[in-house]
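*Asks:* the sequence and its predicted three-dimensional model are supplied below.
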Amino acid sequence: MRSRLALCAAVLLVGLLIATSILTALQMQAERAERAHHQTQAEATFLAQPDRHPHRMVHYGHYVFRTPPPLALFDPGLDAVTGQSIFLEGHRRNTAMFAQSGASADLGGLSWLSPAMVYQLCGPLLIILLGHGLIAREREAGTLATLLAQGLPCGVLLGGKALALFSFVLLMLGPLVLSAGLAVRLGESPYPALALIGVHLLYLSVWGALTLLASATLVRRSAVLATLVTLWIGLSLVLPAIAASSASRVAPMAGKLETDLAMLTELRQIGDGHNANDPAFARLRADLLARHGVQSAEDLPVNLRGVVAQHAEQQLTETLNAYAHAQMAGESRQAQLLARHGWLTPLLAVADASRALAGTDLAHHHRFLLEAEALRYAFVQGLNKVHAEQLAYADDIRRSSDPQAERRTRVDASNWKVLEAFDFQRDPPAERLDRATPQVAMLAVWLAMLGAALAWASRRLKP
């Protein structure tokens, strides 16, 4: 309270925490309601389509949306950069889109700013401002020598200072506790919410211990402050950037252009699923005719065009999935390499744990892509089955030139019910807790090492 700098910084940070907590909560609530509305509307629009050729519905497509989990009101994670919706259509595997890459007027252009970011990036700065003079101020004022001369144990002195700083850390967690409570009211399990509070308490305690250690070992407050700010820059800004660059070099991934060219080369070998006479399907045609003992496609009990569409879609999907899984595996390898740098900087450890507990990490994004693709393949092949079993081949090949044949190739709209409802859900609490455990262990090791260093410093504390 005597330090105007620390007091002003505390007021600013608390104001920033309150503002970002309220704005992020309102934004996530609005996003949740809007995406749920769009998902319902997309499904209703698809099912409300009139009678038509089933393959037209394959190309009509469908949208799916990922609604943000309750704890996203504290840590939106990758939601703003990965996209939240996917357009599903035949013969293609689209990626997520509509990422919020633009600046946000709500936060003065800092669309990435969230309560989690404020805690993880700005919280240590406030602890440094408040705690850098805990011991150094006593030394400069000459009161440290008096306290030690009166027989006050050094461990008791450091313990009292640590308790004071830890008490303020607990007060800092107030907005997080409120956000976690709101998330629980919105349907979140209390265990990940409590774990999220505990992780950030552990992270801020690491910085508190580091601040107290510097104040106990360095002589002047100016040196303590300069050292701690330098450490903050290195641990919070420089090392994470170096870690990300190192992960991309150690586990490189093929570029989009290279991948697309290789994928298109393989897709051309599959053949055109719209053309039943494509040479790529000659063997399929021959096997089908032989199996049913007929001489021409018109005599088959199924529509050759629909069978070809099913076969081509299956092969195409297997090829697309192989490339998509390779892409996701590469991203996961880079993420794992980046996570290991949590041993070097606590910022990466707390950020990974926070996203995992909130359900906004890379694993959830990958599962969203997989579930969306499973839905796409299911409804496309369902429509291809309708094409093969309910339409006559003779009408199908003449529908462009014969109005009567075109009308006969329109199937009843009840067939659109092959589309299942899409409802993406976060992982169970136990899985999220398990995923965050390695990062929690990293933070615990950081705190244990700093605690040991403080014990060593207490035995060598001098006026």
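*Replies:* Great, that's in hand.
*Asks:* any idea whether Y63 is helix, strand or coil?
*Replies:* Look at Y63: counting by DSSP: H, G, I helix; E, B strand; the rest coil, its state is strand.
*Asks:* so in terms of bridging, what pairs with it?
*Replies:* Per DSSP bridges, the residues bridged to Y63 are F87.
*Asks:* could you list the low-pLDDT ranges of the stretch 101-250 of the chain?
*Replies:* Within the stretch 101-250 of the chain, the stretches with pLDDT under 70 are 101-112.
*Asks:* what do you get if the cut-off is 90, keeping everything else the same?
*Replies:* Within the stretch 101-250 of the chain, the stretches with pLDDT under 90 are 101-114, 129-130, 132-133, 136-152, 154-155, 168, 171-172, 175, 219.
*Asks:* that one: helices as residue ranges?
*Replies:* 115-117, 123-131, 136-141, 143-149, 154-172, 174-185, 190-217, 221-233, 239-250 (DSSP state H, counting those that start in this stretch).
*Asks:* would you turn these into TSV with distance to H364 and mean neighbour count?
*Replies:* (Glycine included, C-beta is placed from N, CA and C.) Formatted as TSV, the helices of the stretch 101-250 of the chain follow (distance: least, Cβ to Cβ, whole Å; neighbours: other Cβ atoms under 10 Å):
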stretch	distance to H364	mean neighbour count
helix 115-117	15	24
helix 123-131	25	23
helix 136-141	45	17
helix 143-149	51	14
helix 154-172	28	16
helix 174-185	15	18
helix 190-217	12	23
helix 221-233	30	17
helix 239-250	20	15
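*Asks:* how about a markdown table for these, with distance to V386 added?
*Replies:* A markdown table is the format used below for the helices of the stretch 101-250 of the chain (distance: least, Cβ to Cβ, whole Å):
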| stretch | distance to V386 |
| --- | --- |
| helix 115-117 | 47 |
| helix 123-131 | 57 |
| helix 136-141 | 78 |
| helix 143-149 | 84 |
| helix 154-172 | 59 |
| helix 174-185 | 43 |
| helix 190-217 | 43 |
| helix 221-233 | 62 |
| helix 239-250 | 45 |
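*Asks:* list the contacts of stretch 215-227.
*Replies:* Stretch 215-227 is contacted by residues 128-129, 131-137, 139-140, 158, 161, 214, 454, 457-458, 461 when judged by Cβ atoms under 8 Å, 6 or more residues apart in numbering.
*Asks:* apologies, that question was intended for stretch 244-263.
*Replies:* By Cβ under 8 Å, 6+ apart, the list of residues contacting stretch 244-263 from outside reads T319, L320, Y323, Q327, G330, E331, R333, Q334, A335, L337, L338, H341.
*Asks:* for stretch 350-366, same thing?
*Replies:* With contacts defined as Cβ under 8 Å, 6+ apart, stretch 350-366 is touched by 68-69, 71-72, 74-79, 82, 96, 116, 120, 192, 195-196, 199-200, 202-203, 328, 331-332, 335, 338-339, 342, 426-427, 432-433, 435-436, 439-440, 443.
*Asks:* how about 6 Å then?
*Replies:* 69, 71-72, 75-79, 82, 116, 120, 192, 195-196, 199, 203, 328, 335, 339, 426, 432, 435-436, 439-440 (Cβ atoms under 6 Å, 6 or more residues apart in numbering).
*Asks:* then stretch 200-214?
*Replies:* The contact list for stretch 200-214, computed with Cβ under 6 Å, 6+ apart, reads 119, 123-124, 127-128, 131, 134, 162, 165, 169, 224, 227-228, 346, 350, 443, 446-447, 450, 453-454.
*Asks:* please apply the same query to stretch 163-177.
*Replies:* Outside stretch 163-177, the residues that touch it by Cβ under 6 Å, 6+ apart are L17, I18, S21, G131, I197, L204, G208.
*Asks:* ok, then the element right after the helix or strand S21 falls within?
*Replies:* In the assignment (DSSP states H and E), S21 maps to helix 4-47. Once the chain leaves helix 4-47, the next helix or strand it forms, by DSSP H and E, is helix 54-60.
*Asks:* packing partners for that following helix?
*Replies:* helix 362-390 (3 or more Cβ pairs under 6 Å, 6 or more residues apart in numbering; DSSP states H and E).
*Asks:* now whatever helix or strand comes next after the helix it packs on: mean pLDDT?
*Replies:* Once the chain leaves helix 362-390, the next helix or strand it forms, by DSSP H and E, is helix 393-398. Along helix 393-398, the predicted local confidence has a mean pLDDT of 91.
*Asks:* offset the numbering so it begins at 27, please.
*Replies:* Sure, I'll start counting at 27 from here, so that last one is helix 419-424.
*Asks:* contacts for the helix or strand that helix 419-424 is followed by, please.
*Replies:* As assigned by DSSP H and E, the chain's next helix or strand after helix 419-424 is helix 429-434. The contact list for helix 429-434 (Cβ under 6 Å, 6+ apart) reads D421, R424, R425.
*Asks:* related to what we said a few turns ago, who are the packing partners of the helix holding S47?
*Replies:* strand 88-91, helix 141-143, helix 149-157, helix 200-211.
*Asks:* select, out of these, the one closest to M54.
*Replies:* Within the helices and strands packed on helix 30-73, the stretch nearest M54 is helix 200-211; the backing value is 9.5 Å (Cβ to Cβ).
*Asks:* okay, angle between the closest one and helix 180-198 too, please.
*Replies:* Counting by axes from the mean of the first three to the mean of the last three Cα atoms, to 10 degrees, helix 200-211 lies at 50 degrees to helix 180-198.
*Asks:* and helix 200-211, how far out from the chain's middle?
*Replies:* Here helix 200-211 is found 20 Å from its chain centre; the criterion is Cα atoms, centre = their mean, to the nearest Å.
*Asks:* same thing with stretch 195-209?
*Replies:* 22 Å.
*Asks:* ditto for stretch 316-330
*Replies:* 50 Å.
*Asks:* quick one, phi psi at the most centrally placed residue in the chain?
*Replies:* By Cα atoms, centre = their mean, the chain has its centre lying nearest to D387, at 3.0 Å. Note on D387: its backbone torsions stand at phi -100, psi -180 [degrees, to the nearest 10].
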